[in-house]
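In: how would this look folded up:
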Amino acid sequence: ALRQQLTDKVGLPLPWHRMRLKKFFQGFLQDGVPLLEQGLYHGAQLDLSPTLRGGGGDGGSTGAESRDCYLEMYKTKKADKVDPSEENFARWSCCQLSGEPLGAPCVCDELGTLFNKEAILKGLVHKSLPPSLGHITSLKHLVDLKLTANPTRKTVATNGENYTASKEPLFQCPVTGLGFTGKFGFSALRKTGHVVSQKALKEFPQVVEDLVGEKWEAEDVIPINGTEEEVDVLRERMIKRRQAAKGKKGRKRSRPGEDQQPQNNSAGPKKVKATDFTPANASKHVYASIFSSSRPEDRETYMCRSTGARGVNLT
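Out: Have a look, this model is predicted:
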């Protein structure tokens with residue numbers, strides 16, 4: 001073989017099968033293929049290089065390059081991953097507008113999103129609500145919630161960096177005692193504002209009725225932080241409810257028969273005059289003198305005031 005002859009001629013200590021032949025600035029020669037078919041012409045320059053064990057054929061790497069990769073990896077700060085359970089707990093314990101912990105008084109919109117009432121009022125007054133809350137334009141679009149506080153929750157005084165958010169729920173269901181953490185479904189009754197668990201609505205509807213003091217209907221139930229399907233249903237109800245209220249208001253403004261009433265009703269009753277009842281063949285002036293003096297009262301004129309001011313005594 002050509003590799004064996006060249007290896008013996010050069011006198012390298014490596015065996016010939018550990019050597020490779022390479023055309024000058026071209027690829028390596030293949031074993032078992034004639035040289036002419038590989039484009040090797042007379043007088044061509046060949047390179048004889050040994051085959052080294054190990055490595056990935058990328059030219060090798062040094063320890064310094066390896067350490068630099070580690071330093072670069074730790075120098076670049078990656079975004080912290082948010083725990084889904086933490087994010088879900090925040091939706092049930094914090095105001096979705098200000099991010100502050102929920103505290104009485106609390107409200108929810110017609111889609112079941114929780115807010116602190118003070119934060120939503122500031123947004124309405126200053127007109128600073130985000131576009132995602134564009135469906136809230138007045139307090140009529142909010143429901144004042146009646147939440148039951150969790151009596152087992154402990155308030156621990158903390159300061160500075162030692163603060164850790166408590167995992168205990170702020171509120172609970174007044175019927176079943178389930179925690180208001182997001183693990184269990186909760187709903188608000190739109191008419192009364194009571195917040196109870198969905199388990200209570202399904203298994204103890206009579207107890208819920210006694211709690212709120214009246215019968216409740218499925219149309220009045222607003223799931224808190226519901227799924228996408230539940231939010232879509234709530235949005236459709238909201239649109240239909242507002243359209244119905246708008247149509248009712250329009251019918252109230254234009255009642256039947258109002259167009260036939262005279263337009264000058266605000267003028268009041270017509271004043272009665274004596275001359276309106278003057279007998280036939282009688283003078284209106286003479287007939288009117290019976291009820292009032294026919295002589296007009298003497299009134300002070302501008303000329304009288306001016307002469308009186310100068311000390312002139314008129315007789």
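In: Report the mean confidence score over the longest helix that the chain contains.
Out: The residue-count maximum for a helix in the chain (DSSP state H) belongs to helix 228-253. Mean per-residue pLDDT for helix 228-253: 85.
In: packing partners for that helix?
Out: On a contact count with 3 or more C-beta pairs under 8 Å, 6 or more residues apart in numbering; DSSP states H and E, helix 228-253 meets strand 221-223. (C-beta placed from N, C-alpha, C; glycine too.)
In: Partner strands of the strand it packs on, with direction?
Out: Sheet pairing of strand 221-223 (DSSP bridges) gives strand 186-189 (antiparallel).
In: Which SSE is immediately downstream of the partner strand?
Out: strand 195-197 (DSSP states H and E).
In: So, low pLDDT: which residues of the stretch 101-250 of the chain?
Out: 154-166, 250 (pLDDT under 70).
In: where exactly do the strands run in it?
Out: 106-109, 114-116, 142-144, 148-149, 171-172, 186-189, 195-197, 221-223 (DSSP state E, counting those that start in this stretch).
In: Pull out the buried residues from the last one.
Out: Going back to what we said before, that points to strand 221-223. 221-223 (16 or more other C-beta atoms under 10 Å).
In: got it, and stretch 103-116?
Out: 106-116.
In: What of stretch 141-156?
Out: For stretch 141-156, by 16+ other C-beta under 10 Å, it's 141-143, 145-148, 150.
In: Distance to Pro84 for these - can I get that in a markdown table?
Out: Supplementary listing: the buried residues of stretch 141-156 in a markdown table, determined by distance: C-beta to C-beta, whole Å:
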| residue | distance to Pro84 |
| --- | --- |
| His141 | 30 |
| Leu142 | 28 |
| Val143 | 27 |
| Leu145 | 25 |
| Lys146 | 29 |
| Leu147 | 24 |
| Thr148 | 27 |
| Asn150 | 23 |
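In: In terms of distance to Ala200, which of these ranks first?
Out: Thr148 (11.2 Å; C-beta to C-beta).
In: Now the closest one. Nearest residue, chain neighbours left out?
Out: Pro174 (4.2 Å; C-beta to C-beta, 6 or more residues apart in numbering).
In: Run a quick neighbour tally on that neighbour.
Out: Pro174 has 18 neighbouring residues, counting by other C-beta atoms under 10 Å.
In: In contact with it: list those residues for me.
Out: Residues in contact with Pro174 (C-beta atoms under 8 Å, 6 or more residues apart in numbering) are 148, 194, 196, 211.
In: again, only using 10 Å
Out: Counting by C-beta atoms under 10 Å, 6 or more residues apart in numbering, Pro174 makes contact with 146-149, 194-197, 200, 207-208, 211.
In: Alright, calling it a day.
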